[in-house]
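when you get a sec, could you give me coordinates for this:
(one chain, ligands or ions: 1)
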Amino acid sequence: MAEDGSVTVRVPAKVNVQLAVGGLRPDGFHDLANVFLAVGLHDEITAAPAGAPGITVTVTGPDAGQVPLDRTNLAVRAAELLAARHGIEPRVRLHIAKDIPVAGGMAGGSADAAGALLACDALWDTGASREELLDICAELGSDVPFSLLGGAALGRGRGELLTPLDVGGTFHWVFAVADGGLSTPAVYRECDRLREVSGTGATATDIPDPEPSRPLLDALAAGDPAALADALTAGGAGNDLQAAALSLRPSLADTLAAGTRAGALAGLVSGSGPTTAFLAGSAREAELLAGALRDSGTCRTARVAASPAAGATLLTPARTP
Ligand code: ATP
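Residues are numbered from 1 along each chain as shown. You can find the predicted model right below:
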């Protein structure tokens, strides 16, 4: 705990190296085979003691203006849920130092929820088990449990039923950040619409159960970027939301083409987009690729990041020794 009694947690962004989307379920969700990889772009969430009851939140960073400051902020919801479960009257000032692009398909809001949960848990000394925290994460959103866990994992169900995966080395990525976000529900709706108009149908009986790609899991376990690139492109693994994101934002095709021209081993839309992710052969190649993407004029900026990254991590110890 810092001298002022506050607790800070660092939490990573993610890329979905595979996002296989099943048919629309009667409850409105889709079954997924979702291969999450945590990447080294981070938000930091600080929970500080407050004099008055209630939860307040402040945000800094380039996209801060797009983040809600009311109860719809996922970090606030995480603090509320933890307090309610433990019968605590919440008194906390949350601060989010935001570096993960907002509405970019990199689970920034989910990251903040997991970070706030861990920070408030330490601040209030609830003694919640890891299982209980993961359970609260799943209630907050499909991507939140993975933000707590980090590393790499296969997500089944809505993505929240996680199996950790082995990663045998470091992968280097470039993320091309687009202007403006895409709404995740809108991208899923577009995916369903495209399936309907193509004649396959969009329901769970029309679409085969989503399965993880064995070559992709093997490439991750081997830490082999060339094999991962093969699995992402030739091997047919990849992102089933990509066509929908491109349909809603056709200019992303230009970004993908610019990354491929500049030597990326593979390029894909990250989750529901509009961030695009490019795999590079090394840290140096990633820097060069990022420069080429920035110069291409097809994105707002380009960021390099390595994976896998650790999940939500306390930067300040929970208690003074
Ligand atoms: P995912 O990859 O999980 O689909 P995303 O990265 O596309 O999510 P987020 O950055 O999580 O998108 O933001 C989606 C929306 O959630 C934002 O437009 C914003 O209104 C809302 N939101 C709520 N809380 C937060 C938060 N703490 N940070 C960012 N956005 C938040």
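
how about the helix or strand hosting residue 116, does it get close to the ligand?
Assigned by DSSP states H and E, residue 116 falls within helix 108-124. Yes. With Cβ under 6 Å from any ligand atom as the criterion, the ligand is reached by helix 108-124 at 108-110, 112. Glycine gets a C-beta too; all of them are placed from N, C-alpha and C.

helices or strands up against that helix?
Helices and strands in packing contact with helix 108-124 are listed as strand 7-24, strand 30-49, helix 74-85, strand 91-97, helix 130-140, helix 144-149, strand 313-314; criterion 3 or more Cβ pairs under 8 Å, 6 or more residues apart in numbering; DSSP states H and E.

quick one, which of those is nearest to residue 264?
Ranking the helices and strands packed on helix 108-124 by distance to residue 264, with Cβ to Cβ as the measure, places strand 7-24 first at 13.3 Å.

next, the angle from that closest one to helix 108-124.
Here strand 7-24 runs at an angle of 140 degrees relative to helix 108-124 (axes from the mean of the first three to the mean of the last three Cα atoms, to 10 degrees).

which residue packs closest to whatever residue of the chain ends up closest to the ligand, ignoring adjacent ones?
Of all residues in the chain, the one sitting closest to the ligand is residue 109 (2.7 Å; Cβ to the nearest ligand atom). Distances taken as Cβ to Cβ, 6 or more residues apart in numbering place residue 74 nearest to residue 109, at 4.4 Å, with adjacent residues excluded.

same check, this time on residue 151
Nearest to residue 151 is residue 308, by Cβ to Cβ, 6+ apart, at 4.8 Å.

interface residues of the protein facing the ligand?
Applying the criterion Cβ under 6 Å from any ligand atom, the portion of the chain that neighbours the ligand consists of 67-68, 72-75, 96, 102-110, 112, 143, 181, 184, 271-272.

ChimeraX command for the buried members of those residues?
Command for ChimeraX that selects the buried part of the residues of the chain next to the ligand, burial taken from 16 or more other Cβ atoms under 10 Å:
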select :67,73,74,75,96,102,103,104,105,106,107,108,109,110,112,143,181,184,271,272
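
what is the burial count for the nearest residue to residue 42 once chain neighbours are set aside?
Leaving out its chain neighbours, the residue that sits closest to residue 42 by Cβ to Cβ, 6+ apart is residue 10, at 5.1 Å. Other residues lying near residue 10 total 19 when counted by other Cβ atoms under 10 Å.

if I look at residue 10, how far off is residue 218?
When Cβ to Cβ, to the nearest Å is the yardstick, residue 10 and residue 218 sit 30 Å from each other.
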